[in-house]
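Enquirer: predicted coordinates and the sequence they were generated for:
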Amino acid sequence: MPLTNASMTLSRDAGRSGLGTPAGALDAGNRLLASLPEHDLRHLTALFDTVTVEVGEVLYEPGQPIGHIYFPGDCLISLLAVAEGRMTLEVGSVGREGVLGASVALGHDLAQVRAVVQRSGTASRIARADFCAEFAQLESLQRLLYRYTDTLLAQAIQIAVCSRFHVLEARLARSLLITRDRLQSEKFHLTHEFLAHTLGVRRVGVTKAASALQQQKLITYSRGNIEILDSAGLEAVSCRCYELVKDSGAIGMANVFV
């Protein structure tokens, strides 16, 4: 999953491979959409199209206008804070539990993070103007997105604290567990380079931390293919931050859907 110059250049037509495909059963993949009342969801359906996004594709760059809002289905999107145009740190991720770009409803027309596709798949997409108009009218959408945005911010703060005070091995364990939860799979693909971008360290640091987890028989890791062998053991190695941000944790996404 290398972040090449090509893949890290914001596409003016992000998600173009699925452009124009009508969104069918929107509630089939995305939990936020599935939580809307049926009549509100049916009203929104006509405004969405379904797009396919590819690994490494950049959907947003900091400071660039947000053109579309994405509700992921089976894809996963990494949110990277960017310093000096080159140093990055993952401050969150968006999968089927969430939405990318909802901050436009709060008056933020420009992206605040780099949004990079971590796993390819599909998403339901809506133009910014249409989204803002519907957000102003639908109380159900307002309630959901206020809770979601608050939770996402709380998780970003916790991850920032984790990145400053916790050792790399624990941070890597936390990142792998969150990825597992988002993808609902013990197996996934993450290269050393991508993990270095998300954790804000050099590749050699990722190699050492991953080797330590592998020696403890918690994971297997070969050419970017990761399998979690011992979830309980990996949670024990991880810092308490995972307990806080996992779906059922104090600031987990399950709180959005109460």
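Expert: Nice, thanks for sending it over.
Enquirer: surely Leu44 and Pro37 touch.
Expert: No: in this structure, Leu44 is not within contact of Pro37 by C-beta atoms under 8 Å, at 10.7 Å. (Glycine included, C-beta is placed from N, CA and C.)
Enquirer: what about those two, which has more around it?
Expert: Regarding Leu44 and Pro37, a neighbour count based on other C-beta atoms under 10 Å identifies Leu44 as having more, with 21 against 12.
Enquirer: against Phe131, how distant is that one?
Expert: Per C-beta to C-beta, to the nearest Å, Leu44 is found 9 Å from Phe131.
Enquirer: hey, where'd the strands end up in the stretch 1-150 of the chain?
Expert: Ranges of strands in the stretch 1-150 of the chain, per DSSP state E, counting those that start in this stretch, are 21-22, 49-53, 58-60, 68-72, 76-83, 87-94, 114-119, 121-127.
Enquirer: could these go into JSON lines alongside distance to Leu106 and mean pLDDT?
Expert: Formatted as JSON lines, these follow (distance: least, C-beta to C-beta, whole Å; pLDDT from 0 to 100):
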{"stretch": "strand 21-22", "distance to Leu106": "28", "mean pLDDT": "44"}
{"stretch": "strand 49-53", "distance to Leu106": "24", "mean pLDDT": "96"}
{"stretch": "strand 58-60", "distance to Leu106": "15", "mean pLDDT": "98"}
{"stretch": "strand 68-72", "distance to Leu106": "12", "mean pLDDT": "97"}
{"stretch": "strand 76-83", "distance to Leu106": "16", "mean pLDDT": "95"}
{"stretch": "strand 87-94", "distance to Leu106": "16", "mean pLDDT": "94"}
{"stretch": "strand 114-119", "distance to Leu106": "17", "mean pLDDT": "96"}
{"stretch": "strand 121-127", "distance to Leu106": "16", "mean pLDDT": "96"}
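Enquirer: as a markdown table, those strands with distance to Gly249 and mean neighbour count would be great.
Expert: Listed next are these as a markdown table, based on distance: least, C-beta to C-beta, whole Å; neighbours: other C-beta atoms under 10 Å:
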| stretch | distance to Gly249 | mean neighbour count |
| --- | --- | --- |
| strand 21-22 | 35 | 12 |
| strand 49-53 | 27 | 22 |
| strand 58-60 | 26 | 24 |
| strand 68-72 | 21 | 26 |
| strand 76-83 | 18 | 20 |
| strand 87-94 | 14 | 21 |
| strand 114-119 | 21 | 25 |
| strand 121-127 | 25 | 23 |
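Enquirer: how about the ones you listed in TSV, adding distance to Leu218?
Expert: Formatted as TSV, the strands of the stretch 1-150 of the chain follow (distance: least, C-beta to C-beta, whole Å):
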stretch	distance to Leu218
strand 21-22	40
strand 49-53	30
strand 58-60	31
strand 68-72	27
strand 76-83	21
strand 87-94	20
strand 114-119	21
strand 121-127	27
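Enquirer: out of those, nearest to Gln142?
Expert: Nearest to Gln142 among those is strand 68-72 (14.1 Å), distances taken as C-beta to C-beta.
Enquirer: residues contacting Gln112?
Expert: The neighbours of Gln112, taking C-beta atoms under 8 Å, 6 or more residues apart in numbering as the test, are Pro62, Ser103.
Enquirer: in the protein, which ranges drop under the pLDDT threshold?
Expert: Along the chain, segments meeting pLDDT under 70 span 1-28.
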